[in-house]
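Asker: kindly return the folded structure for what I paste below:
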Amino acid sequence: MLPSAHATDPARSRGRLHPEPESPIRTAFARDRDRLIHCTAFRRLRYKTQVFVAPDGDHFRVRLTHSIEVAQIARTIARVLGLDEDLAEVVALAHDLGHPPFGHSGEDALERVMAPFGGFDHNGHAIRILTLLESRTPAYEGLNLSWEVLEGIAKHNGPVFKPGWALDTQEALWPLGLDSFAGLEAQVAALADDIAYNAHDLDDGLRAGLLDLEAVCADVPLVDQLWRQVKARWPGETRRTRLVPHLVRDLIGAMVDSLLAETRANLAEIQPASVQDIRGCGRPVADFTPPMLDAIAPLRACLMRAMYTHPSVTRIRRPAEQVVEGLFRALHDRPSELPERWAAQFARAEEPWRGRIIGDYVAGMTDRFAIREHQRLTGRAVMPDDSCF
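Answerer: I've put the predicted structure just below:
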């Protein structure tokens, strides 16, 4: 499909902070996607919590597999809408890059201990990774990604009217126009995230035994309707291991169809002639239809009640927070325990940047490395022995 007028054109990119020769075989956004995939911060997502902490089960999702699934959904939607698929994909792949160990529990803990130093925000930290921390060449700091990619990652959830220190630092270096919406590719990536975690957290919850399918169907009419359709399609099949994947697939399909319908209706109403019209229209262009928003609200409530706050999940929350808090305090008090590169940065800095350097280091840890380092530095093992699924 030919690009739409409102797609982001890589040939018209605002470029990179540090100019580089263009690739003869890849667009700017395809090149950015490849840089992201090959960076170490992306690989570390393999051992960062999605829902379950450091899961032993090979089939549960982690940040890496979730990001790949979001990218697949985003790329498909972008193709149908005539958008730049590479830009949608790289924003989707990077959308969770700034998460610290232990998911939201780790982020809550890092926010608390970094409050005297300006706080912590995983979206701002993702920009720090891409523009500063993930350095792979003597030529510059960071990955030197295109302006549109950084804009999409910073604003994929909408305008940022009160940026934290991390995004403020980026704005002073290379403004991303945080008070406006991002292009349509980033908006699609954000909704692909919603689609992925709604469907795949249901899948993981059923696999882990935290969710009962009959109870979910009783609480969520959309899931009940789709499950009835799956069973009617395969009337002789009793193996749920064969049927639940169809339920998950159909749930994704229903949400994608809704997103396409509403976004096309919005585009028809707005009639954007360029990506600037998307940025400047003052509201999201990509969205679900109102009936779908109503339909997935009970699913989100069900997942929150029966899965995210299940005792087997929440009992890990406080120990995970203790690991992150303990790591931060131990390293801030004893910076000689930092790796050489980080210790050198700490020695050259003053507060609040010393605290921010420790925050950068802790946020980059995987779950399992954080657990090991916390035990090494404090001599205490706070995570339950049976905390992994």
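Asker: using the record's assignment, carve the protein into domains.
Answerer: Listed by automatic domain parsing, the domain ranges of the chain are 25-173, 188-313, 317-378.
Asker: ends of the shortest one, how far apart?
Answerer: End-to-end distance for domain 317-378, by Cα to Cα, to the nearest Å: 19 Å.
Asker: most tightly surrounded among the domains of the chain?
Answerer: domain 25-173 (a mean of 21; mean count of other Cβ atoms under 10 Å). The C-beta positions use only the backbone N, C-alpha and C, and glycine is treated the same way.
Asker: centre-most residue in this protein?
Answerer: In the chain, the residue lying closest to the centroid (Cα atoms, centre = their mean) is Asp96, at 2.5 Å.
Asker: so for that one, what's the pLDDT?
Answerer: With respect to pLDDT, Asp96 scores 94.
Asker: again with His104
Answerer: For His104, pLDDT reads 88.
Asker: how close does it get to Pro352?
Answerer: Using Cβ to Cβ, to the nearest Å, His104 is found at 24 Å from Pro352.
Asker: for Gly282, same thing?
Answerer: Using Cβ to Cβ, Gly282 is found at 35 Å from Pro352.
Asker: cool, Thr76 as well?
Answerer: Distance from Thr76 to Pro352, by Cβ to Cβ: 43 Å.
Asker: again, but for Arg14
Answerer: 31 Å.
Asker: also Thr309?
Answerer: Applying Cβ to Cβ to Thr309 and Pro352 gives a distance of 34 Å.
Asker: again with Tyr140
Answerer: 25 Å.
Asker: also Val223?
Answerer: 47 Å.
Asker: what of Ala268?
Answerer: 49 Å.
Asker: what do you get for Asp86?
Answerer: 37 Å.
Asker: do the same with Arg376
Answerer: Look at Arg376 and Pro352: by Cβ to Cβ, they are 26 Å apart.
Asker: can you read off the pLDDT for Pro311?
Answerer: pLDDT, read off for Pro311, is 84.
Asker: ok, Glu148 - contacts?
Answerer: Residues counted as contacts of Glu148 (Cβ atoms under 8 Å, 6 or more residues apart in numbering) are Thr8, Pro10, Ser13, Arg14, Phe29, Leu87, Gly183.
Asker: which among those end up buried?
Answerer: Thr8, Pro10, Ser13, Phe29, Leu87, Gly183 (16 or more other Cβ atoms under 10 Å).
Asker: among the residues you listed, which lie within strands?
Answerer: Among the buried ones among the contacts of Glu148, none falls in strands (DSSP state E).
Asker: the helices in the stretch 251-389 of the chain, which residues?
Answerer: Secondary structure of the stretch 251-389 of the chain (DSSP state H, counting those that start in this stretch): helices at 275-279, 290-303, 311-314, 317-333, 340-348, 353-363, 367-378.
Asker: typo on my end, the stretch 101-250 of the chain
Answerer: For the stretch 101-250 of the chain, applying DSSP H, counting those that start in this stretch gives helices covering 103-113, 122-128, 147-155, 165-173, 184-208, 213-219, 221-233, 240-270.
Asker: now the ones you listed as a markdown table including distance to Arg35?
Answerer: Compiled in a markdown table, the helices of the stretch 101-250 of the chain are given as follows (distance: least, Cβ to Cβ, whole Å):
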| stretch | distance to Arg35 |
| --- | --- |
| helix 103-113 | 25 |
| helix 122-128 | 14 |
| helix 147-155 | 9 |
| helix 165-173 | 18 |
| helix 184-208 | 17 |
| helix 213-219 | 40 |
| helix 221-233 | 38 |
| helix 240-270 | 28 |
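Asker: indicate which one of those is closest to Arg334.
Answerer: helix 103-113 (15.0 Å; Cβ to Cβ).
Asker: and the closest one, what does it pack onto?
Answerer: For helix 103-113, the helices and strands in contact under the criterion 3 or more Cβ pairs under 8 Å, 6 or more residues apart in numbering; DSSP states H and E are helix 317-333, helix 353-363.
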